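Colleague: Could you look at this predicted model? Sequence included:
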Amino acid sequence: MAAGSAALGVADLPTDAAGPQTAEIELIVNGRSRRLELDTRTSLLDALREHLQLTGTKKGCNQGACGACTVLLDGRRVNSCLTLALMHDGAHITTVEGLARGDALHPVQAAFIEHDGFQCGYCTPGQIMSAVACIAEGHTGSDDEIRAWMSGNICRCGAYPGIVAAVAQAARAG
Amino acid sequence: MHPFSFHAAATEQEAIAEAAAGGRYIAGGTTLVDLMREEVERPRRLIDINRLPLRDVHVQDDGLVIGALARMSDVARDPATAQVQPLIVDALVEGASPQIRNMASIGGNLLQRVRCSYFRTLDAPCNKRTPGSGCSAIGGANSGHALFGTSVHCVATHPSDLAVALVALDAVILTRGPGGARRFPVEALYRMPGETPHLEHTLEPGEMIVEIRVPHGSYARRARYLKVRDRASYEFAVVSVAVAMDIDGGIVRDVRLAAGGVGTMPWRLRGSEAVLTGRQSGRAAWRDAAERAIDGAQPLVGNHFKVELLRRTVVRALEMVGGAA
Ligand SMILES: Cc1cc2nc3c(=O)[nH]c(=O)nc-3n(C[C@H](O)[C@H](O)[C@H](O)COP(=O)(O)OP(=O)(O)OC[C@H]3O[C@@H](n4cnc5c(N)ncnc54)[C@H](O)[C@@H]3O)c2cc1C
Ligand code: SF4
Ligand code: FES
Ligand code: FES
């Protein structure tokens, strides 16, 4: 389209930004230190999926609107698609792969199975990570409160009743 | 996404110098990363300001102080904020999702960009994105657009809920930049589109928001942010109303009102405030205030419904705060 202006734009760029840039960072993912050399444009989500092969965390919308990419960043739930990996040098990340202890499922994982908290499963890792944080935050006083505080995770299959029941049970089990 | 270089600033001076030289601040990234991926925003250099000590939230004699890098969720769960300014907590909790609120900063929230879908559709004319290219919304899908403060060049609403609450509460912004420190009302941060819709705020290049101050007011503790939207949560406002009211002996002593979803900037309803001040509280007063709120509305083909919705939302919000009798 605007080829002329694009060419002009590139000529204007300071040499340090004329092409892809990389930087090295450390992420502590599920307790393990990982050093990565990344293009500055890499999202935290792509760092996990494409560079560390941790494909449990899903890419749904890639724009903050679905919650499939939810991980814990220093203990807080965030959308990993909306942040750059480089902004988190030294941070602790927990993904869905980091929840189980060996073959023993995390209580939230077990509750999702018990209550049929999914159908296709695509949103499920994000739902589970969000639920772990929701319970830790104490936003599970009623089904309505769970629905409000889990609303950052969309389920295309509409498995919401099972999700709410699973979160409520895992919260009670403490 | 276009390539860029990245620098995490260790000090405010360093960040300001970098930004004055053309770098772009990044805080939570929830607006900026999204728009960079869409190639609507194309900064060549990002200055990460998250290491700067600007996250403190506290109450002092003259009001509430919120650091620009405090996260929406931190402010929303701060007990002192809930006590002195419940309207702010309301407006924050009603915005975005728990995940986004954990990432998004207060300063970034005020500078978030419009959600007009043409703005992020690179092949659609949009004066805000590409000055002079035209406005696709005026003759297109405009049910989500503004009633107030529009021009023939742009009709997009300002999407921040927090900004509506802060404008109602006469909050002030403190900035530091290459030209020194400034302080001014949050309302003065915003520009209406006029002939230059690509200019949205009044910050100078490199100027950083460092703090928000919200003065105490007799109206502050009796307050409500009522947000009407297409689904119950995780959605921008169709229409929203912020009310804070001091009622004593059935008389409205002092009141603050602002609306979201209807203006090209957070829309203070000063006419309605004037109608209410000194009046007997109750439905007759609420109706008069709502009538005044829609004065001067300029609906587009698709958003006529917002006029009636604004009227009703003002009445409902006033009822919630001041009673329905
Ligand atoms: C799916 C979704 C739903 C949302 N729903 C809502 C909603 O319902 N209500 C609502 O109010 N918001 C909503 N938001 C918007 C969200 O609140 C904003 O994206 C967020 O607050 C921006 O803050 P940030 O720190 O991430 O900003 P960034 O993306 O880091 O920055 C935004 C802009 O501000 C500039 N900037 C940041 N900090 C400073 C500073 N201190 N000084 C000067 N410039 C600065 C940056 O350069 C950039 O231009 C939603 C967002 C998404 C993605
Ligand atoms: S309303 Fe504004 S943002 Fe939307 S297309 Fe028109 S100029 Fe662009
Ligand atoms: S993939 Fe991140 S919110 Fe949808
Ligand atoms: S289980 Fe299919 S999207 Fe939720």
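Modeller: That came through, no problem. Residues are numbered from 1 along each chain as shown, chains lettered A, B, ... in the order given. Ligands and ions are numbered 1, 2, ... in the order given.
Colleague: is ligand 2 contacted by stretch B:290-309?
Modeller: No: using C-beta under 6 Å from any ligand atom, we find that stretch B:290-309 stays clear of ligand 2, coming within 9.6 Å at best. For every residue, glycine as well, the C-beta is placed using N, CA and C.
Colleague: quick one: whatever residue of the stretch 1-150 of chain B ends up closest to ligand 4 and A:Gly67, what's the gap?
Modeller: Nearest residue of the stretch 1-150 of chain B to ligand 4: B:Ser97, at 15.7 Å (C-beta to the nearest ligand atom). Relative to A:Gly67, B:Ser97 is positioned 7 Å away (C-beta to C-beta, to the nearest Å).
Colleague: shared neighbours of the two, anything?
Modeller: A:Asn79, A:Gly152, A:Asn153 (C-beta atoms under 8 Å, 6 or more residues apart in numbering or on different chains).
Colleague: Can you classify the last one by secondary structure?
Modeller: In this case it means A:Asn153. For A:Asn153, the assignment made with DSSP: H, G, I helix; E, B strand; the rest coil gives coil.
Colleague: how many neighbours does the residue nearest to it when sequence neighbours are not counted have?
Modeller: Leaving aside its sequence neighbours, A:Asn153 sits nearest to A:Gly67 (C-beta to C-beta, 6 or more residues apart in numbering or on different chains; 3.5 Å). Close neighbours of A:Gly67, defined as other C-beta atoms under 10 Å in any protein chain shown, add up to 28.
Colleague: Could you verify that A:Gly67 is part of a strand?
Modeller: No: using three-state DSSP, the assignment for A:Gly67 is coil, not a strand.
Colleague: was I right about it contacting A:Ile154?
Modeller: Yes: between A:Gly67 and A:Ile154 there is a contact at 6.1 Å, judged by C-beta atoms under 8 Å.
Colleague: and for these two, which residues touch both?
Modeller: A:Gly60, A:Cys123.
Colleague: Report how many residues lie close to A:Pro20.
Modeller: For A:Pro20, using other C-beta under 10 Å, the count is 11.
Colleague: That one: what's it in contact with?
Modeller: A:Pro20 neighbours (C-beta under 8 Å, 6+ apart): A:Asp39, A:Thr40, A:Arg41, B:Pro3.
Colleague: Surely it is in a strand?
Modeller: No: with three-state DSSP as the criterion, A:Pro20 is coil rather than part of a strand.
Colleague: Tell me the pLDDT of A:Pro14.
Modeller: Turning to A:Pro14, the model gives it a pLDDT of 48.
Colleague: same question, A:Ile113
Modeller: 98.
Colleague: Quick one: name whatever helix or strand follows the one helix or strand it maps to.
Modeller: Using DSSP states H and E, A:Ile113 maps to helix A:107-114. Downstream of helix A:107-114, the next assigned helix or strand under DSSP H and E is helix A:124-137.
Colleague: and the angle from that following helix to helix A:107-114?
Modeller: For helix A:124-137 against helix A:107-114, the angle by axes from the mean of the first three to the mean of the last three C-alpha atoms, to 10 degrees is 130 degrees.
Colleague: Quick one: residues in contact with helix A:124-137.
Modeller: With C-beta under 8 Å, 6+ apart as the test, helix A:124-137 has contacts from A:56-58, A:60, A:66-72, A:75-77, A:94-96, A:99, A:106, A:108-109, A:112, A:117-118, A:140, A:146, A:149-150, A:152-153, A:155, A:163, A:166-167, A:170-171, B:98-99.
Colleague: and it, C-alpha only, in PDB?
Modeller: C-alpha atoms of helix A:124-137 as PDB (Å, rounded to 0.1, in the frame of the first residue of the first chain):
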ATOM      1  CA  THR A 124      -9.000 -24.800  30.000                       C
ATOM      2  CA  PRO A 125      -5.300 -24.000  30.800                       C
ATOM      3  CA  GLY A 126      -6.200 -20.300  31.000                       C
ATOM      4  CA  GLN A 127      -9.300 -21.100  33.100                       C
ATOM      5  CA  ILE A 128      -7.300 -23.200  35.500                       C
ATOM      6  CA  MET A 129      -4.500 -20.600  35.900                       C
ATOM      7  CA  SER A 130      -7.100 -17.900  36.400                       C
ATOM      8  CA  ALA A 131      -9.000 -20.100  38.900                       C
ATOM      9  CA  VAL A 132      -5.800 -20.700  41.000                       C
ATOM     10  CA  ALA A 133      -5.300 -17.000  41.300                       C
ATOM     11  CA  CYS A 134      -9.100 -16.300  41.800                       C
ATOM     12  CA  ILE A 135      -9.100 -18.600  44.800                       C
ATOM     13  CA  ALA A 136      -5.800 -17.200  46.200                       C
ATOM     14  CA  GLU A 137      -7.300 -13.700  45.900                       C
END
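Colleague: Relative to the whole chain's centre, how far out is stretch B:50-62?
Modeller: Counting by C-alpha atoms, centre = their mean, to the nearest Å, stretch B:50-62 is centred 20 Å from the centre of its parent chain.
Colleague: Tell me the confidence at the residue of the stretch 1-150 of chain B closest to ligand 4?
Modeller: B:Ser97 is assigned a pLDDT of 98 by the prediction.
Colleague: so where is chain B shaky, pLDDT-wise?
Modeller: For chain B, no stretch is flagged by pLDDT under 70.
Colleague: same thing with chain A?
Modeller: Within chain A, the segments meeting pLDDT under 70 span A:1-18.
Colleague: Identify the residue nearest the geometric centre of it.
Modeller: For chain A, the residue nearest the mean C-alpha position is A:Thr70 (2.5 Å; C-alpha atoms, centre = their mean).
Colleague: Can you tell me the closest non-neighbouring residue to the residue of chain A found nearest chain B?
Modeller: Of all residues in chain A, A:Gly152 sits closest to chain B, at 2.7 Å by C-beta to the nearest C-beta. Counting by C-beta to C-beta, 6+ apart, B:Ser97 is the residue found nearest to A:Gly152 once chain neighbours are left out, at 2.7 Å.
Colleague: same question, B:Gly271
Modeller: Leaving aside its sequence neighbours, B:Gly271 sits nearest to B:Arg292 (C-beta to C-beta, 6+ apart; 4.4 Å).
Colleague: wait, is that neighbour part of a strand?
Modeller: No: counting by three-state DSSP, one finds B:Arg292 to be helix, located in no strand.
Colleague: Pull the contacting residues for B:Ile247.
Modeller: B:Arg222, B:Arg253, B:Ser281, B:Gly322.
Colleague: Enumerate every residue touching residue 68.
Modeller: With no chain named, the answer covers chain A. By C-beta under 8 Å, 6+ apart, A:Ala68 lies in contact with A:Thr57, A:Lys58, A:Lys59, A:Gly60, A:Cys61, A:Tyr122, A:Cys123, A:Pro125, A:Gly126, A:Asn153, A:Ile154.
Colleague: hmm, I had chain B in mind actually
Modeller: B:Ala68 sits next to B:Ala27, B:Leu54, B:Ser105, B:Ile106, B:Gly107, B:Met208, B:Ile209, B:Val210, B:Glu211, B:Ile212 when contact means C-beta under 8 Å, 6+ apart.
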